[in-house]
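1. I'd like to go over a predicted model; first the sequence, then the structure.
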Amino acid sequence: MALTGLPLASGKRHREVFEALGWVVRTEGNHIVLTHPHHPQVFLSIPNHREVKRQTLKGIVRSAGLTDEQYSIFFREIPEATDKLEAVEDLFRETLEADGRSRVHCMKCCREICISIDPAEIAAAKQNHPLQCPGEISA
């Protein structure tokens, strides 16, 4: 496969693909170093850049024992761990009450959407609120 067949993406996106394939992050800094439980002697070092060069990616893919075609298929098929989740979290302000309950407000409409001690209830409220949020600041 020509280099143009390999995907251009950030180091973090490539890390997500390799993690989905069983690789485990060992360290993360300027480079993301991964190991595989079945091949502990092999290390992958992915530059933690906004865009990993295709030539660099080709070497990483080969070190992982994959062909360019296999990696390209995995890259397309493995969903991106979305920054949307982080963005959804940014929509809410959570404060801890004296009694241990969390009070959650939507930063878009300034409404309280939940007050609970149960993390599952809080997560459900955060997940469901964007579907019904008017997006207007309440009076």
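-> Noted; the coordinates are in hand. Just so you know, these numbers come straight off a predicted model, no measurement behind them.
2. every contact and neighbour count from this point should use C-alpha atoms.
-> Fine.
3. poorly predicted segments of the chain, please.
-> Counting by pLDDT under 70, the low-confidence segments of the chain come to 1-3, 81-90, 136-139.
4. show me how it divides into domains.
-> Each domain of the chain is listed here as a residue range: 3-77, 84-132, per automatic domain parsing.
5. need those domains in a markdown table (columns: mean neighbour count).
-> Putting the domains of the chain into a markdown table (neighbours: other C-alpha atoms under 10 Å) gives the following:
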| stretch | mean neighbour count |
| --- | --- |
| domain 3-77 | 16 |
| domain 84-132 | 14 |
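6. can you give me the strands for this structure?
-> Counting by DSSP state E, the chain has these strands, from start to end: 24-28, 31-36, 39-47, 92-96, 102-106, 112-116.
7. for the closest residue to Pro37 other than its chain neighbours, which residues are in contact?
-> In space, and not counting its chain neighbours, Pro37 is closest to Trp23: 7.3 Å by C-alpha to C-alpha, 6 or more residues apart in numbering. With C-alpha atoms under 8 Å, 6 or more residues apart in numbering as the criterion, the residues that contact Trp23 are Leu34, Thr35, His36, Pro37.
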